[in-house]
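Undergrad: compute the structure for the input listed below.
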Amino acid sequence: MQLIIISNNLMNNAIIIGTGKIGIDLYIKLKRTNIFDKILIFNRNKYSEGAKYCIKKKFSYYDSGVDGVKKNLKYCNIIFDCTSANSNIAIIKSLKKVIKKKFYINLTPSNFGKYVVPYFNNNAIPNEVNLITCGGQTSIPIISIFKKILKNNLIYSELVSSISSKSAGIATRNNINEYIVNTESAIKQITKIKKAKVILNLNPSIPPVNMMNSLFFELKKTINSKTYNNLKNELNKINLYIKFYIPDYNATLFKGFNKKILRVTVRVIGQGDYLPTYAGNLDIITSSAVYLSKQINQNYLNVKNRK
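TA: You can find the predicted model right below:
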């Protein structure tokens with residue numbers, strides 16, 4: 001199998017590995033942006049539900065797995081890994097020597113790559129990107145600004161992610177431990193908070209509930225109204241910025257029953273491209289990948305124009 005080159009510009013061609021919910025949703029979103037001339041999507045099982053959907057919709061789909069990816073890497077500069085944490089480890093082992101000068105964007109909850117949150121507008125984007133998890137993408141900007149304002153008065157943060165069990169595919173269910181470990185690690189590393197905990201709940205209710213994250217902050221001492229309003233204003237700024245790439249992102253600050261506890265709820269309704277609107281948890285990660293692609297493409301154009 002050979003890629004038909006539409007553009008000699010490597011930045012205009014991309015590869016997606018994995019035809020699960022995240023891989024297909026990402027393919028649809030990337031197609032809509034018109035960033036890429038050619039997007040290839042690979043898996044290793046043409047009889048899977050995702051593969052059948054790709055074939056039905058006439059996507060540029062191939063069942064040649066990692067071998068097919070290797071053959072086409074010379075035509076592409078961006079690879080999106082939408083498999084699972086365990087599969088990611090095996091794929092990286094196979095591709096590590098040939099992706100050194102490529103952008104490899106990891107959408108699985110494995111620990112491969114440098115943690116990146118598009119909210120922070122990383123101009124110098126690393127070649128090996130770890131998009132953490134949906135919980136990490138929604139909570140880290142908030143924890144970061146709370147830590148900056150509250151300083152040592154903030155002693156502990158807790159993230160409780162509640163998602164519909166219908167939005168949790170096989171990879172999500174198999175990756176729950178990796179989700180928790182990777183999210184906690186990213187929160188501590190990026191925000192510099194010393195104590196953090198992550199909990200993931202799969203809600204089986206019918207009809208399915210929209211994704212919601214609850215953040216709890218424990219303080220050493222109570223804060224005055226000026227500090228509270230400052231936190232609220234900064235949270236509004238976060239809402240406005242993140243809505244650029246996650247349109248229905250909405251974070252709200254509440255005072256807890258205990259005056260030394262603050263609570264923030266984050267609700268995200270999906271765009272309904274491939275995933276249902278209640279699957280905002282998965283939409284977060286694909287929307288972040290799309291936004292990052294735009295940043296990479298813009299950085300490339302800026303460099304090109306300076307030459």
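Undergrad: what segments of this structure are helices?
TA: 21-33, 49-56, 65-72, 85-95, 134-150, 170-174, 176-191, 225-242, 280-306 (DSSP state H).
Undergrad: quick one: the longest one to chain centroid distance?
TA: What it means is helix 280-306. Relative to its chain's centre, helix 280-306 lies at 12 Å (C-alpha atoms, centre = their mean, to the nearest Å).
Undergrad: before we move on, what about stretch 58-69?
TA: Chain-centre distance of stretch 58-69: 23 Å, with C-alpha atoms, centre = their mean.
Undergrad: re earlier: in a markdown table, list the helices of the chain along with mean neighbour count and mean pLDDT.
TA: No exception for glycine: its C-beta is placed from N, CA and C like everyone else's. Formatted as a markdown table, the helices of the chain follow (neighbours: other C-beta atoms under 10 Å; pLDDT from 0 to 100):
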| stretch | mean neighbour count | mean pLDDT |
| --- | --- | --- |
| helix 21-33 | 21 | 95 |
| helix 49-56 | 16 | 95 |
| helix 65-72 | 17 | 92 |
| helix 85-95 | 18 | 91 |
| helix 134-150 | 24 | 96 |
| helix 170-174 | 16 | 76 |
| helix 176-191 | 19 | 94 |
| helix 225-242 | 14 | 96 |
| helix 280-306 | 19 | 82 |
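Undergrad: nearest to V209, out of the ones you listed?
TA: Within the helices of the chain, the stretch nearest V209 is helix 280-306; the backing value is 10.2 Å (C-beta to C-beta).
Undergrad: list the helices and strands the closest one packs on?
TA: Judged by 3 or more C-beta pairs under 8 Å, 6 or more residues apart in numbering; DSSP states H and E, helix 280-306 is in contact with helix 21-33, strand 78-81, strand 103-106, helix 134-150, strand 211-219, strand 261-268.
Undergrad: how far off helix 134-150 does it point, in degrees?
TA: 70 degrees (axes from the mean of the first three to the mean of the last three C-alpha atoms, to 10 degrees).
Undergrad: quick one: helix 280-306 to strand 211-219, angle?
TA: Using the same axes, to 10 degrees: helix 280-306 against strand 211-219 is 80 degrees.
Undergrad: what's the angle from helix 280-306 to strand 261-268?
TA: On the basis of the same axes, to 10 degrees, helix 280-306 is oriented at 80 degrees to strand 261-268.
Undergrad: related to what we said a few turns ago, okay, the helices and strands packed on helix 280-306 in JSON lines with distance to I199 next?
TA: Converted to JSON lines, the helices and strands packed on helix 280-306 look like this (distance: least, C-beta to C-beta, whole Å):
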{"stretch": "helix 21-33", "distance to I199": "22"}
{"stretch": "strand 78-81", "distance to I199": "26"}
{"stretch": "strand 103-106", "distance to I199": "23"}
{"stretch": "helix 134-150", "distance to I199": "9"}
{"stretch": "strand 211-219", "distance to I199": "9"}
{"stretch": "strand 261-268", "distance to I199": "14"}
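Undergrad: closest to I176 out of the ones you listed?
TA: With C-beta to C-beta as the measure, helix 134-150 is the member of the helices and strands packed on helix 280-306 nearest I176 (11.5 Å).
Undergrad: what's the single longest strand in the chain?
TA: strand 154-164 (DSSP state E).
Undergrad: identify the bridge partners of the closest residue to G135 other than its chain neighbours.
TA: In this structure, G135 finds its nearest non-sequential neighbour in S161, 4.4 Å apart by C-beta to C-beta, 6 or more residues apart in numbering. Per DSSP bridges, the residues bridged to S161 are L200, N213.
Undergrad: circling back: how about the longest strand of the chain: buried residues?
TA: Buried residues in strand 154-164, defined by neighbour count with 16 or more other C-beta atoms under 10 Å: 154, 157-164.
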